[in-house]
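**Student:** My questions are about this predicted structure, shown below with the sequence.
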Amino acid sequence: MKFGQPSTLPRWAQLTILPALNLIAALLVTGLVTWIIGENPLECLQLLVHGAFGYGEGIGYTLFYTTDFIFTGLAVAAAYHAGLFNIGGEGQAYIAGLGITLAVFAFDKILPFWLLMPLCVLAAMAFGAAWAFIPAWLQARRGSHIVVTTIMFNFISYSVMLYLIGHQLIEPGSQNPTTREFGHNAWMPAMQSMFAAIGVSLPDTPLNGSFFLALIACVLFYLVVWHSRWGYELRTVGTNESAARYAGMNVQMVIIFAMCASGALAGLSAVNELLGSSHRMDVMFTNGVGFVGVAVALMGRNHPVGIVLSALLFGALTQGGLDLSFTKPLITREMVLLIEGLVILFCGGLENLFEPFLASLFKRGK
């Protein structure tokens, strides 16, 4: 599966001006909708920005959501560079949560934190990769469409987890579809606790050590994709599969490895949610992060720096939108989803809307 046509814009313009124009267009349409329902768009924008960055607790929640979006954005980008479109990040994160839960239930009463935490992270990556392996094998060996299979596997994972949590893993005596609380030695250190150790006071938020894990993942992603032999093969297959095969590359294995790496990265979002925040498995813990990751990767042009910035944007929209909905009753949760949807539309489906206009300006400048 290949994407798009070669751009006529300079690389720096593709990465900066074009996404900025798409974002401005999305905000203008959002402002129009806000004005139609009777609210002041500028006031709403100010409240949204303040809710995301205006006070310590808001910043903590923004970065917490950003962590999830970095992982799922990197997951989409890993597959994208191989010419694949992984829309199964939601299901892969879900199954990764199962891996974490099984590891915790098996060892949280016998292993210390420094052994159990790496084991849980590896379990999340392994289960996410395993769930991505099946669509990858079907694409590589049977020619099945990766988009169709990954979407289907989202529904399959939800059904499997609903059964397991409701019948096998549910906390004894509980009426809620959740597992028991994880042992404290399986809790990712909270950011306020980590900074308190060096004498810095931070507000109480779900932000935890997974944020640093996400930044490390970005650095490793960059080094592997752009500075390794495997990354070169990955990008070659994504650019021209026939040329890659002619050069002697094992295209089928590249596709499978790319999707498994994608699933492993998506699985890390479960670490942030389960080990860093809720400390138990429930049926709705992913809450759409896999789908937002698609928009994060597209807007970030599948580069780790762009993914961090776009993940921060969506994290701010999530946290600022929640604060905005509390202050403005007419701005409901559905309106916040509309804002996110418009950003996805303009930065994803209409990402090249302004390219002809910009190209003509650059041409006149030359």
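**Tutor:** Yep, that arrived.
**Student:** Leu32 versus Thr332, what's the distance?
**Tutor:** Going from Thr332 to Leu32 by C-beta to C-beta, to the nearest Å gives 17 Å. Where C-beta positions appear, they are placed from N, C-alpha and C, glycine not excepted.
**Student:** likewise Ile331?
**Tutor:** 14 Å.
**Student:** ok, these two, which is more surrounded?
**Tutor:** Ile331 (22 against 10; other C-beta atoms under 10 Å).
**Student:** Sticking with the more buried one, tell me its helix or strand.
**Tutor:** Under DSSP states H and E, no helix or strand contains Ile331.
**Student:** That one touches Gly320, doesn't it?
**Tutor:** No - in this structure, Ile331 is not within contact of Gly320 by C-beta atoms under 8 Å, at 10.7 Å.
**Student:** Identify all contacting residues around the helix or strand bottoming out on mean pLDDT in the chain.
**Tutor:** Within the chain, no helix or strand scores below helix 11-15, which has a mean of 72 by mean pLDDT, DSSP states H and E. Contacts to helix 11-15, defined as C-beta atoms under 8 Å, 6 or more residues apart in numbering, come from residues 7, 301, 303, 306, 358, 362.
**Student:** From these, keep the buried residues only.
**Tutor:** Neighbour counting with 16 or more other C-beta atoms under 10 Å marks 301, 303, 306, 358 as buried within the contacts of helix 11-15.
**Student:** Which stretches in the stretch 151-300 of the chain count as helices?
**Tutor:** Using DSSP state H, counting those that start in this stretch, the helices of the stretch 151-300 of the chain run over 191-196, 210-226, 229-239, 241-246, 251-270, 289-299.
**Student:** sorry, back to before: which two among the buried ones among the contacts of helix 11-15 are spaced furthest apart?
**Tutor:** His303 and Leu358 (19.0 Å; C-beta to C-beta).
**Student:** State the helix or strand in which the residue nearest to Leu98 when sequence neighbours are not counted lies.
**Tutor:** The shortest distance from Leu98 to any non-neighbouring residue, by C-beta to C-beta, 6 or more residues apart in numbering, is to Phe127 (6.0 Å). Phe127 belongs to helix 113-142 when elements are defined using DSSP H and E.
**Student:** Would you mind listing the buried residues in that helix?
**Tutor:** 116-117, 119-121, 123-132, 134-140.
**Student:** avg pLDDT for it?
**Tutor:** Regarding helix 113-142, the rounded mean pLDDT is 96.
**Student:** Stretch 279-287 too?
**Tutor:** Computed over stretch 279-287, the mean pLDDT rounds to 89.
**Student:** What lies in contact with that stretch?
**Tutor:** By C-beta under 8 Å, 6+ apart, stretch 279-287 touches 90, 93-94, 97-98, 100-101, 161-162, 165-166, 169, 171, 176-182, 186-187, 269-270, 273-274, 278.
**Student:** From one end of it to the other, what's the distance?
**Tutor:** End-to-end distance for stretch 279-287: 16 Å, by C-alpha to C-alpha, to the nearest Å.
**Student:** so how far is it off the chain centroid?
**Tutor:** Relative to its chain's centre, stretch 279-287 lies at 16 Å (C-alpha atoms, centre = their mean, to the nearest Å).
**Student:** and Val292, what is it in contact with?
**Tutor:** Each residue near Val292 by C-beta under 8 Å, 6+ apart is listed here: 68-69, 72, 314, 340.
**Student:** do the same with Glu273
**Tutor:** Applying C-beta under 8 Å, 6+ apart, we find Glu273 in contact with 68, 97, 285-286.
**Student:** what's the helix or strand for the residue nearest the centre of the chain?
**Tutor:** Per C-alpha atoms, centre = their mean, the C-alpha nearest to the average position across the chain is that of Thr72, at 2.3 Å. Using DSSP H and E, Thr72 maps to helix 56-80.
**Student:** Show me what counts as buried in the very next helix or strand once past that helix.
**Tutor:** The helix or strand immediately downstream of helix 56-80 is helix 89-107, counting by DSSP H and E. By neighbour count on 16+ other C-beta under 10 Å, the buried set for helix 89-107 is 89-105, 107.
**Student:** and Thr34, what does it touch?
**Tutor:** For Thr34, the contact set (C-beta under 8 Å, 6+ apart) comprises 40-41, 44, 331, 335.
**Student:** Mind checking which of those residues are in helices?
**Tutor:** The members of these that map onto helices under DSSP state H are 41, 44, 335.
**Student:** of the residues you listed, closest to Met152?
**Tutor:** Set against Met152, the nearest of the ones in helices among the contacts of Thr34 by C-beta to C-beta is Met335 (30.6 Å).
**Student:** Pro41 versus that closest one, what's the distance?
**Tutor:** Counting by C-beta to C-beta, the gap from Met335 to Pro41 is 12 Å.
**Student:** returning to what we had before: are any of the contacts of stretch 279-287 buried, and if so which?
**Tutor:** Among these, those scoring as buried are 90, 93-94, 97-98, 100-101, 161, 165, 169, 177-180, 182, 186-187, 269-270, 273-274, 278 (criterion: 16+ other C-beta under 10 Å).
**Student:** Can you report how many residues neighbour the nearest residue to Gly231 once chain neighbours are set aside?
**Tutor:** Spatial nearest neighbour of Gly231, chain neighbours left out: Val225 (4.1 Å); criterion: C-beta to C-beta, 6+ apart. Number of residues near Val225 (other C-beta under 10 Å) recorded here: 22.
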